[in-house]
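A.B. asks: Provided below for reference: sequence and predicted model.
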Amino acid sequence: MHIAVAGNIGAGKTTLTKLLAKHYKWEAQLEDVVDNPYLDDFYNQMERWSFNLQVYFLNSRFRQVLQIRESGKKIIQDRTIYEDAHIFAPNLHAMGLMTNRDFENYSSLFQLMESLVKGPDLLIYLRSSIPNLVSQIHKRGREYENSISIDYLSRLNERYEAWIHQYNTGKLLVIDVDNLNFVDNPEDLGSVINKIDAEIHGLF
């Protein structure tokens, strides 16, 4: 079984992924942030490194999806291959931070990969307002995220909403996280788990 958690930067994907993995005894597949050789460069010089970063993420997540399917295990994944292709890369292209040539090359690569993989059995989308995202980003204090603008986050949020609105690759659960605190409030985590249980029972 393949469950995936989607959402904007700072929505709480990694935190929720780890908590759900622990609760359900699933294996967690986390986003490769620590070992990513392009992130620092990208946030300092987006135009120069956007294509390299997006191809790195695409490669990393394609590999993850293949491993998930081959393993036969119950796995929860932090962010999906679809978010890179439907949200982050098109946004960089629209902002003039990725050339037409690079974007077409990237899109072609994604379409090839997409034809070889299956979507998650359940996608959990964490919906968040911009003020909540900004607050969470500041709270975790990653240095390379200090330069993220509100405009950039807003553009991503708009693309997330558009993508989710037409998402049809599998089951979808939307969770509004603005007033939820999974970490410090067990009731909040419990309510999320109850919603997921209801969806999972429909998978079998």
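C.D. replies: Sure, I can see it.
A.B. asks: C-terminal to the longest helix along the chain, what's the next element?
C.D. replies: Taking DSSP state H as the criterion, the chain has its longest helix at helix 46-71. Using DSSP states H and E, the helix or strand that directly follows helix 46-71 along the chain is strand 75-78.
A.B. asks: for the closest residue to residue 90 other than its chain neighbours, give its distance to residue 27.
C.D. replies: By the measure of C-beta to C-beta, 6 or more residues apart in numbering, the closest residue to residue 90 outside its immediate chain neighbours is residue 159, 6.7 Å from it. Using the backbone N, CA and C atoms, a C-beta is placed for each residue, glycine as well. Residue 159 sits 29 Å away from residue 27, going by C-beta to C-beta, to the nearest Å.
A.B. asks: more neighbours: which of these two?
C.D. replies: Neighbour count, other C-beta atoms under 10 Å: between residue 159 and residue 27, residue 159 has more, with 18 against 13.
A.B. asks: distance of that one from residue 83?
C.D. replies: From residue 159 to residue 83 the distance is 9 Å (C-beta to C-beta).
A.B. asks: just the helices in the protein please.
C.D. replies: Going by DSSP H, the chain shows helices at 13-24, 39-44, 46-71, 81-83, 89-94, 100-114, 130-140, 150-165, 186-201.
A.B. asks: tell me which of those sits most buried.
C.D. replies: The highest mean neighbour count among these, using mean count of other C-beta atoms under 10 Å, belongs to helix 81-83: a mean of 22.
A.B. asks: hmm, who's touching that helix?
C.D. replies: Contacts to helix 81-83, defined as C-beta atoms under 8 Å, 6 or more residues apart in numbering, come from residues 6, 58, 61-62, 64-65, 110, 113-114, 117, 119, 160, 163, 169.
A.B. asks: so can I have CSV of these showing distance to residue 94 and pLDDT?
C.D. replies: Converted to CSV, those look like this (distance: C-beta to C-beta, whole Å; pLDDT from 0 to 100):
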residue, distance to residue 94, pLDDT
6, 20, 97
58, 18, 94
61, 21, 90
62, 23, 93
64, 26, 89
65, 26, 91
110, 16, 97
113, 22, 95
114, 20, 93
117, 25, 90
119, 24, 92
160, 14, 97
163, 14, 97
169, 23, 91
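A.B. asks: ok, so of those, who is nearest residue 135?
C.D. replies: Nearest to residue 135, judged by C-beta to C-beta, of these is residue 160 at 17.7 Å.
A.B. asks: how much space is there between that closest one and residue 174?
C.D. replies: Residue 160 is 11 Å from residue 174, where distance means C-beta to C-beta.
A.B. asks: got it, and residue 66?
C.D. replies: As judged by C-beta to C-beta, residue 66 and residue 174 stand 27 Å apart.
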